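Peer 1: got a sequence here, can you build the structure:
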Amino acid sequence: MRSHRILPFMSHPGGNPRTIDDFMRLDVVLSRFTSVQPDVFFLSNTSLARLDRRLEGPPDIAIEFLSRGNPENGLDRKLKLYRKHAVPEYWIGDPEARTLAIRRLANGAWSEPLQLGA
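Peer 2: Below you'll find the model as predicted:
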């Protein structure tokens, strides 16, 4: 897809070198009082302007992987949080089940998940 590109770990839109550690700790600021650190996120070319030492506003796609100890955190709390802050697409990976659920936000509500499995 020509309108998107992969942001290499060692480059930055402002030209400043970045390390993988910088990206591992990158905050996504959703509001004055809410920031998150998704496991992975995607930005379109138009969203890259909001990326500096943190991302201001929602990513185009937020991707979270469920953890063994707290799988509900990804399914309930983050679904509500990402809906509230208008994240357009949310992918939930379940390593145990080897599945990926993809949800899209439309008119303030999540679509039924598209389930992909191994």
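Peer 1: can you mark which positions in stretch 57-68 are buried?
Peer 2: 58-59, 61-64, 66 (16 or more other CB atoms under 10 Å). Every C-beta, even on glycine, is put in place using the N, C-alpha and C of the backbone.
Peer 1: no no, stretch 38-51
Peer 2: 38, 41-43, 47, 50-51.
Peer 1: ok now it, how far from the chain's centre?
Peer 2: Put simply, stretch 38-51 sits 8 Å off its chain's centre (CA atoms, centre = their mean, to the nearest Å).
Peer 1: all helices of the chain, in order?
Peer 2: Under the criterion DSSP state H, the chain contains helices at 20-24, 71-72, 78-84.
Peer 1: per-stretch mean pLDDT over the ones you listed, give me the minimum one.
Peer 2: Lowest mean pLDDT within the helices of the chain: helix 20-24, at a mean of 51.
Peer 1: report the contact partners of Arg104.
Peer 2: Residues near Arg104 by CB atoms under 8 Å, 6 or more residues apart in numbering: 88-89, 110-111.
Peer 1: any chance of TSV for the residues you listed, columns distance to Ala118?
Peer 2: Formatted as TSV, the contacts of Arg104 follow (distance: CB to CB, whole Å):
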residue	distance to Ala118
Pro88	26
Glu89	21
Trp110	23
Ser111	22
